[in-house]
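K.L.:
Provided below are the primary sequence and the corresponding predicted coordinates.
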Amino acid sequence: MKAAVYEGEGKIVLTQRPVPSLQEDTDAIVRVTLTTICSSDIHIKHGAVPRAVPGTIVGHEFVGIVEQTGSAVKKVKPGDRVAVNVETFCGTCFYCKQGYVNNCTDRQGGWALGCRIDGGQAEYARIPFADNGLTKIPDSVTDEQALFTGDLLSTGYWAAKIGEITPGDTVAVLGAGPAGLCTMMCARLYSPGKIIAVDTDSRRLQTARENGLADVLLNPGDMTGEELETAVKQESHGRGADAVFEVAGGEDTFQTAWKIARPNAVVAVVAMYEEDQTLPLPRMYGKNLIFKTGGVDGSECGRIMELIQAGMLNTECLITHRTTLDNLMEAYDIFENKKEGVIKIAVTV
Ligand SMILES: [Zn+2]
Ligand SMILES: [Zn+2]
């Protein structure tokens with residue numbers, strides 16, 4: 001079968017691999033129908049994901065049809081349309097029981113798919129713990145609508161949850177890329193008073209506004225850092241944002257995140273950085289901030305699918321490009337280099 005493989009040293013190539021087979025009775029084999037490239041795949045390519053093992057098929061955000069199940073799999077059966085969770089998890093360890101599935105202690109647990117075990121930029125994928133990692137797609141939900149359930153929407157949903165948003169809050173989201181837009185979308189579920197989107201890409205900001213995801217757009221490219229802080233204060237009773245989501249992962253966006261937060265705010269760091277970040281504690285002193293850092297816990301896919309079906313989460317606006325697996329490498333070039341105003345690429349397999 002065709003598969004995209006991380007070869008190490010900055011290389012992902014489209015090549016041939018054997019079709020996977022069941023290894024454990026809790027596994028399922030999924031025939032991939034629609035897949036996509038995530039920013040994490042680009043981080044893997046850059047060698048910035050220490051857990052990524054060269055030789056692994058990449059891809060951790062995809063939907064498909066169950067082809068085969070192990071004898072212990074109860075919740076899905078061959079023929080079911082399913083969304084695949086970015087995280088495979090045992091469901092029984094200390095962390096899983098508390099919903100911290102990112103920290104599942106099983107050797108195949110946590111974020112393994114597409115970095116340590118073969119993923120879904122391929123024609124087929126083996127999914128360990130299939131009962132936990134597969135979510136059935138209702139007939140009324142299309143593959144495109146379901147595509148981001150297991151990773152981007154899970155990330156946004158998890159971020160909004162840890163952000164402790166209360167009704168009427170001013171929420172600031174740094175980064176209006178795919179994960180930022182999903183974070184805004186999920187933050188809306190908590191009825192904030194206002195969502196401020198911050199990005200240097202005015203096209204992405206417009207996407208946020210046009211789809212009702214943000215109320216205020218701020219472009220740090222048009223102002224100094226101090227002006228940005230002032231602008232956020234003006235939108236938040238002179239205080240600063242009640243919850244800040246750092247989803248940009250840029251050179252100085254971590255610093256911006258804590259600066260635009262009001263005292264005692266939650267600053268949720270969702271972005272995956274390629275470089276270390278510094279905490280200037282003397283300058284932060286007295287602001288009494290609460291930092292939470294990421295690694296999505298993808299434990300709410302069932303709920304997310306219900307919200308998609310109800311029309312409360314709709315990510316179709318994220319899909320700017322469509323292509324096929326044969327053209328995956330071209331899609332990587334467009335996605336990595338942010339060409340043609342790309343947000344997400346739906347790749348038909
Ligand atoms: Zn991802
Ligand atoms: Zn576990």
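P.N.:
Received it, and whenever you're ready, just let me know what you need. Ligands and ions are numbered 1, 2, ... in the order given.

K.L.:
Where does the closest residue in space to Asn264 that isn't next to it in sequence sit: helix, strand or coil?
P.N.:
Excluding the flanking residues, the one nearest Asn264 by Cβ to Cβ, 6 or more residues apart in numbering is Asn288, at 5.0 Å. (Each C-beta comes from the backbone N, C-alpha and C, glycine too.) Following DSSP: H, G, I helix; E, B strand; the rest coil, we place Asn288 in the coil state.

K.L.:
Number of residues surrounding the residue in the stretch 151-300 of the chain positioned nearest to ligand 2?
P.N.:
Closest to ligand 2 within the stretch 151-300 of the chain is Ser299: 10.5 Å, counting by Cβ to the ion. Counted with other Cβ atoms under 10 Å, the neighbours of Ser299 add up to 21.

K.L.:
Check the burial of the residue of the stretch 1-150 of the chain found nearest ligand 1 by counting its neighbours.
P.N.:
Taking Cβ to the ion, ligand 1 has its nearest neighbour within the stretch 1-150 of the chain at Cys38, 3.1 Å off. When counting by other Cβ under 10 Å, one arrives at 25 neighbours for Cys38.

K.L.:
That one reaches Thr155, doesn't it?
P.N.:
No. Taking Cβ atoms under 8 Å as the definition, Cys38 is not a contact partner of Thr155, at 9.5 Å.

K.L.:
and for these two, which residues touch both?
P.N.:
Here Cys38 and Thr155 share no contacting residue, scored by Cβ atoms under 8 Å, 6 or more residues apart in numbering.

K.L.:
residue contacts, the spatially closest residue to Thr170 that is not a sequence neighbour?
P.N.:
Spatial nearest neighbour of Thr170, excluding adjacent residues (Cβ to Cβ, 6+ apart): Ser236 at 3.9 Å. When contacts are counted by Cβ under 8 Å, 6+ apart, Ser236 touches 170, 194, 242, 262.

K.L.:
do you know how far the closest residue to Gly177 other than its chain neighbours is from Asp131?
P.N.:
In this structure, Gly177 finds its nearest non-sequential neighbour in Arg204, 6.4 Å apart by Cβ to Cβ, 6+ apart. Distance, Arg204 to Asp131, using Cβ to Cβ, to the nearest Å: 37 Å.

K.L.:
higher neighbour count, these two?
P.N.:
Arg204 (21 against 16).

K.L.:
So, low pLDDT: which residues of the protein?
P.N.:
Within the chain, no range satisfies pLDDT under 70.

K.L.:
tell me which parts of it are close to ligand 1?
P.N.:
38, 40, 151 (Cβ under 5 Å from the ion).

K.L.:
I'd like these as TSV, with distance to Gln309 and secondary structure appended.
P.N.:
Putting the residues of the chain next to ligand 1 into TSV (distance: Cβ to Cβ, whole Å; DSSP: H, G, I helix; E, B strand; the rest coil) gives the following:
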residue	distance to Gln309	secondary structure
Cys38	23	coil
Ser40	27	helix
Asp151	19	coil
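
K.L.:
Nearest to Arg283, out of those residues: which one, please.
P.N.:
Checking the residues of the chain next to ligand 1 against Arg283 by Cβ to Cβ gives Ser40 as the nearest, at 30.7 Å.

K.L.:
Closest to the centroid, which residue in the chain?
P.N.:
Leu152 (2.8 Å; Cα atoms, centre = their mean).

K.L.:
Ramachandran angles for that one?
P.N.:
The phi/psi pair for Leu152 (degrees, to the nearest 10) reads phi -60, psi -50.

K.L.:
got a list of what it touches?
P.N.:
Leu152 touches 38, 61, 178-179, 182, 315, 318, 344, counting by Cβ under 8 Å, 6+ apart.

K.L.:
do Thr69 as well
P.N.:
Residues in contact with Thr69, defined by Cβ under 8 Å, 6+ apart, are 22, 27-29, 76-78, 130.

K.L.:
Which stretches in the chain count as helices?
P.N.:
Applying DSSP state H to the chain gives helices spanning 39-45, 94-97, 130-133, 143-146, 152-162, 178-187, 202-210, 225-234, 253-259, 281-284, 301-309, 328-336.

K.L.:
Can you list the helices and strands that the fourth one packs against?
P.N.:
On a contact count with 3 or more Cβ pairs under 8 Å, 6 or more residues apart in numbering; DSSP states H and E, helix 143-146 meets strand 28-36, strand 81-84, helix 301-309.

K.L.:
Quick check: neighbours of the first one in the sheet, parallel or antiparallel?
P.N.:
Right, the one you point to is strand 28-36. Sheet pairing of strand 28-36 (DSSP bridges) gives strand 62-69 (antiparallel), strand 124-127 (antiparallel), strand 344-348 (antiparallel).

K.L.:
so how far is that strand off the chain centroid?
P.N.:
The chain centroid and the centroid of strand 28-36 are separated by 18 Å, computed with Cα atoms, centre = their mean, to the nearest Å.

K.L.:
Run a quick neighbour tally on the closest residue to Asn132 other than its chain neighbours.
P.N.:
Leaving out its chain neighbours, the residue that sits closest to Asn132 by Cβ to Cβ, 6+ apart is Gly91, at 4.9 Å. Per other Cβ under 10 Å, the neighbour tally for Gly91 reads 16.

K.L.:
Identify the residues contacting Gly91.
P.N.:
By Cβ under 8 Å, 6+ apart, the contact set of Gly91 is 97, 101, 129, 131-132.

K.L.:
about what we covered before: mind checking which of the strands paired with strand 28-36 is nearest ligand 2?
P.N.:
Smallest distance to ligand 2 across the strands paired with strand 28-36 (Cβ to the ion): 15.0 Å, for strand 124-127.
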